[in-house]
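> Have a look at this prediction, sequence included:
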Amino acid sequence: MQVSRCVNCEAFPCADVRHECYTVPPIDVRPEQVSIILISEAAPVDPAEGYYAPGEPLFAQTTVQAFNDAGAAVATIGDILGLGVYLTTAVKCAKTGYAIATATVARCSYLLEQELALLPQVRALLLMGDVAIKAVNAIARRAGEPRIIPAGSTYKLRGQAYHWRGRRVFPSYLQAGPSFYIEKSKRRMIAEDIAAALRLVS
């Protein structure tokens, strides 16, 4: 199954993102082999830096490093996929500024909802940053469900057990892109969250 053929944005209604950078994972996946979904913030401004781009794209480099920090011996995104981890973004277009409007996250969460529905065997969600948390909460609210992750700083929310539709949900920090290298304390917490998700499905 190729995800990009199953998930499509037709109207592109959001004004605060770069539509020309629209990206849905262009990979073939076997749904029964995916046990973890890692959701980060938004597509990169340069598509060549995305998770599945050829060569050594930035998103892949920082994510591989995060998994190594977590004790997983991986060298490529392919190795991470081999662990049963599917990587995607909450917002499928690149952002134009530092923040992404809440309305944009909510609109794009319809696409994320389609994506999640393609992978019913998933047992854990890694929500890497506030945008991913907002997007999954938006999906839950539309279905009349309570917030999955309560309001509050990620630092205080981490370590508590959250569940949604039979899946364990881990709120964490953004691991994709240059910010990953800036704060060592966040990098340590990212590694802890990834390690906990991997233990859960092992």
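Structure's in. What do you need? Since the model is a prediction, treat every value here as computed from it, not as a measurement.

> Hmm, residue 8 is touching residue 22, no?
No. Between residue 8 and residue 22 there is no contact, the gap being 9.6 Å when judged by CB atoms under 8 Å. In short, each C-beta sits where N, CA and C put it, glycine included.

> Looking at these two, which is more packed in?
Neighbour comparison, residue 8 and residue 22: the larger count goes to residue 22, with 17 against 11 (by other CB atoms under 10 Å).

> Excluding sequence neighbours, find me the nearest residue to that one.
Taking CB to CB, 6 or more residues apart in numbering as the measure, residue 22 lies nearest to residue 93, with 4.9 Å between them; neighbours along the chain are not counted.

> pLDDT at the one you found, what is it?
Note for residue 93: predicted pLDDT of 96.

> wait, it sits on residue 15?
No. Between residue 93 and residue 15 no contact is recorded; they are 10.7 Å apart, counting by CB under 8 Å.

> longest helix anywhere in this structure?
When secondary structure is assigned using DSSP state H, the longest helix within the chain turns out to be helix 184-201.

> The most centrally placed residue in the chain sits in which helix or strand?
Note on the chain: the residue nearest the mean C-alpha position is residue 39, at 0.8 Å, using CA atoms, centre = their mean. Here residue 39, judged by DSSP states H and E, is contained in strand 36-42.

> now the very next helix or strand once past that strand and strand 36-42, what's the angle there?
Using DSSP H and E, the next helix or strand after strand 36-42 towards the C-terminus is helix 58-69. Counting by axes from the mean of the first three to the mean of the last three CA atoms, to 10 degrees, helix 58-69 points 140 degrees away from the direction of strand 36-42.
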